[in-house]
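Colleague: Just need the structure, nothing else, for what follows:
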Amino acid sequence: MPELRQARVSDHSAIVACVQQWWGDSRTPQQARELSLLLPKLFLQFFSSTSLVLEDEAGVRAFLVGFHAADNDKEAYIHFVGVDPDLRGQGAARRLYTTFFQRAAEAGRTELRAITSPGNTGSIAFHRAMGFTIERGDRVVDGLPLHTDYDGPGQDRVCFYRKLAR
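Modeller: Next comes the predicted model:
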């Protein structure tokens, strides 16, 4: 089982490479590169203490980039999570989320938020299984509440919310 540790700024290039490789089976190389742009180095420069990496002798096998809200003392946010396709379905993401939940609660956070694309049915199912509810959106498509243009024009998102026990 890979070792779980706090992320480091020096993990940035490996994480970006993982995104481009791991999502390469479901996207063109250009789309995978664009996806990796959601993880500029600043996330690890400023939020490494709240981000996590699972690694073994082969390198980074999974990661979670998350942070605690700067504008309030209640919320924590999970920005981006990736799991090596060879580890999917083996509890790696659950381990990352559970650890993030625990550390957020220890820091006094009581609410969690995350988002995903409407077409990412695996992510939607996983978040629901982890106790998140889908937040009401401004429209519903195929029974799914969406937040129109959440990440810019044409970039609708499903928004998740979860209370943390203290």
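
Colleague: The lengthiest helix in the chain packs against which elements?
Modeller: When the chain is parsed with DSSP state H, its longest helix is helix 92-106. Packing contacts for helix 92-106, counted by 3 or more C-beta pairs under 8 Å, 6 or more residues apart in numbering; DSSP states H and E, involve strand 3-6, strand 52-56, strand 59-68, strand 75-83. Glycine gets a C-beta too; all of them are placed from N, C-alpha and C.

Colleague: Turn the ones you listed into CSV, columns for mean neighbour count, distance to L112 and mean pLDDT.
Modeller: Formatted as CSV, the helices and strands packed on helix 92-106 follow (neighbours: other C-beta atoms under 10 Å; distance: least, C-beta to C-beta, whole Å; pLDDT from 0 to 100):
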stretch, mean neighbour count, distance to L112, mean pLDDT
strand 3-6, 12, 18, 98
strand 52-56, 19, 14, 97
strand 59-68, 21, 9, 98
strand 75-83, 21, 5, 97
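
Colleague: Beyond the longest helix of the chain, next helix or strand please.
Modeller: The helix or strand immediately downstream of helix 92-106 is strand 111-116, counting by DSSP states H and E.

Colleague: just checking, what packs against that following strand?
Modeller: strand 75-83, helix 121-129, strand 158-163.

Colleague: Tabulate the ones you listed (TSV), appending distance to Q90.
Modeller: Formatted as TSV, the helices and strands packed on strand 111-116 follow (distance: least, C-beta to C-beta, whole Å):
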stretch	distance to Q90
strand 75-83	9
helix 121-129	13
strand 158-163	22
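
Colleague: Between these, which one is closest to E111.
Modeller: Closest to E111 of these is strand 75-83 (C-beta to C-beta; 4.8 Å).
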